[in-house]
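Novice: Quick one, structure for this:
(one chain, ligands or ions: 1)
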Amino acid sequence: MRATLQLILCFAMMTMSVLVGAQTNDSDTLPVTIAIKAGQLIDGRGGPAISNAVIVIEGERIIAVGKNTPIPDGAQVIDLSHATVLPGLIDCHTHITVSPGVAVEIGRRSFVDAAIMAPTYARATLEAGFTTIRNMGAHSFVDVSLRNAIDRGDIPGPRIVAATMSISATGGHSDVTNGYSPYLSVAGLSGVADGVEDIRKLVRYEIKYGADVIKVMATAGAMSEEESVDAALYTQEELDAVVDEARMWGRRVGAHAHGSEGIKRAVLAGVASIEHGTFLDEEGARLMVEHGTYLVKDSYEDRWFMERALEWGYPHTIIDKLGKIVAGHETAFKLARKHSVRIAFGTDAGMIPHGENAKQFRDYIAWGMPPMEAILTATQNAADLIGWEDRIGAVAPGLFADIIAVPGDPLLDPTLLERVSFVMKSGEIVKQ
Ligand SMILES: [Zn+2]
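Specialist: Numbers count the residues shown, from 1 in each chain. From the prediction side, this is the model:
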């Protein structure tokens with residue numbers, strides 16, 4: 001009883017000190033006004049590129065944008081008149097707590113190792129111009145702690161929409177003991193749940209401890225040792241439960257799905273996005289359009305990883321599955337575009353080094369997407385998928401001043417997006 005009382009008092013004192021701290025900060029910092037002179041501006045919403053534009057920022061937000069926008073008296077001027085300015089990019093599928101490497105290391109590292117390295121990966125991502133990420137799977141709530149530290153301003157990094165642990169059936173794609181002894185226990189590491197009741201409980205548990213979005217494994221995949229790469233691994237009833245439970249808590253769901261059956265079940269359940277969508281078929285594409293489901297399309301990382309997987313000691317099960325996925329990406333991408341499926345940018349970064357996210361644009365463009373449309377997948381479309389179109393994804397009044405610049409015209413040379421020379425997040429310069 002006494003312990004409980006002490007606990008309550010302790011909480012009350014903590015809350016008070018937080019409030020006092022907040023008041024002090026507000027009174028001694030006035031918003032700074034900044035004007036950016038942009039040689040060319042791509043607004044992130046598909047408007048024509050504007051030459052010699054001015055962007056006015058007050059505090060953390062953009063307050064005015066335009067060709068003839070006057071520079072307010074006393075504003076700090078940032079001259080990017082030899083560069084193209086764009087909104088901060090958004091990667092809708094990262095794994096910010098892991099990095100690619102030799103197979104044997106995976107089982108030898110814990111979530112503590114992940115937590116130690118994650119700030120480095122977060123910084124690399126931000127400095128590459130990705131000011132927001134949707135992190136689609138991390139063990140032990142490391143992504144939540146990272147997100148919170150960044151939001152508090154303790155460490156630099158992108159805004160993070162955190163999925164926490166991917167929800168998977170027993171033996172499914174994020175059951176991390178696939179292929180190991182039945183006596184190996186990894187309680188708390190992965191998000192395994194079977195049946196409607198357990199699934200609903202796991203969704204509640206993840207949201208309770210900080211999940212912003214729910215990631216569900218609707219099919220098998222490459223990077224774990226289940227037999228199939230594409231089998232549907234949850235029933236319709238189970239997927240319906242994931243989406244329904246998440247929706248009650250105001251959360252969206254992204255479904256990892258390679259195979260066509262799992263894609264369709266996930267779309268029918270009402271997920272916001274299909275991740276990968278490698279073996280999408282005509283019916284699946286039509287259903288995605290009908291339901292407004294986004295395709296978060298990655299591809300570059302699978303090729304990159306497959307080239308190294310043998311040397312890194314990955315089992316043939318995984319290498320063979322990677323081969324099937326690599327072979328499927330282009331067809332799926334072109335089929336999705338033929339049906340006008342909405343596409344959002346995603347890289348699975350963590351399978352490639354963090355900070356190389358923009359290399360995914362290469363495949364989009366090589367497979368026929370015009371550069372402007374490719375940019376929109378990582379701005380307007382990504383913001384819409386996350387539900388933050390009123391905060392990020394465009395250079396427009398009222399939005400956060402998340403702004404990047406590249407040294408030239410990315411519409412002529414899209415690889416310039418891999419060489420971001422200026423990054424601002426919430427009105428603060430991160431890289432110049
Ligand atoms: Zn992933």
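
Novice: Strands along the stretch 151-300 of the chain, start to end?
Specialist: Here the stretch 151-300 of the chain has its strands, by DSSP state E, counting those that start in this stretch, at 159-162, 167-168, 191-192, 213-217, 252-257, 273-276, 294-297.

Novice: By mean pLDDT, show me the worst of those.
Specialist: The minimum mean pLDDT among the strands of the stretch 151-300 of the chain belongs to strand 191-192 (a mean of 92).

Novice: Who are the contact partners of the nearest residue to Glu225 once chain neighbours are set aside?
Specialist: Leaving out its chain neighbours, the residue that sits closest to Glu225 by C-beta to C-beta, 6 or more residues apart in numbering is Gly179, at 3.0 Å. Glycine gets a C-beta too; all of them are placed from N, C-alpha and C. Contact partners of Gly179, counting by C-beta atoms under 8 Å, 6 or more residues apart in numbering, are 224-225, 315, 317.

Novice: same question, Trp312
Specialist: 100-103.

Novice: Quick one: neighbours of the closest residue to His291 other than its chain neighbours, just the number.
Specialist: Closest residue in space to His291, ignoring its immediate chain neighbours: Val267 at 5.2 Å, by C-beta to C-beta, 6+ apart. Burial of Val267 is recorded as 27 neighbouring residues (other C-beta atoms under 10 Å).

Novice: and if you look at the one 10 residues further on?
Specialist: Neighbouring residues of Gly277 were enumerated by other C-beta under 10 Å; the total is 34.

Novice: Ok, Val77 next?
Specialist: 10.

Novice: pretty sure it contacts Lys37?
Specialist: Yes. Between Val77 and Lys37 there is a contact at 6.5 Å, judged by C-beta atoms under 8 Å.

Novice: hang on, the earlier thing: can you pick out the most distant pair from the contacts of Gly179?
Specialist: Greatest spatial distance in these: Ser224 and Pro315, 10.3 Å, computed using C-beta to C-beta.

Novice: Which residue of the two possesses the greater neighbour count?
Specialist: Higher neighbour count among Ser224 and Pro315: Ser224, with 21 against 13, using other C-beta under 10 Å.

Novice: what's near enough to touch the nearest residue to the more buried one once chain neighbours are set aside?
Specialist: Spatial nearest neighbour of Ser224, excluding adjacent residues (C-beta to C-beta, 6+ apart): Asn178 at 4.7 Å. Asn178 sits next to 171, 224-226 when contact means C-beta under 8 Å, 6+ apart.

Novice: give me that answer again for 6 Å
Specialist: 224-226 (C-beta atoms under 6 Å, 6 or more residues apart in numbering).
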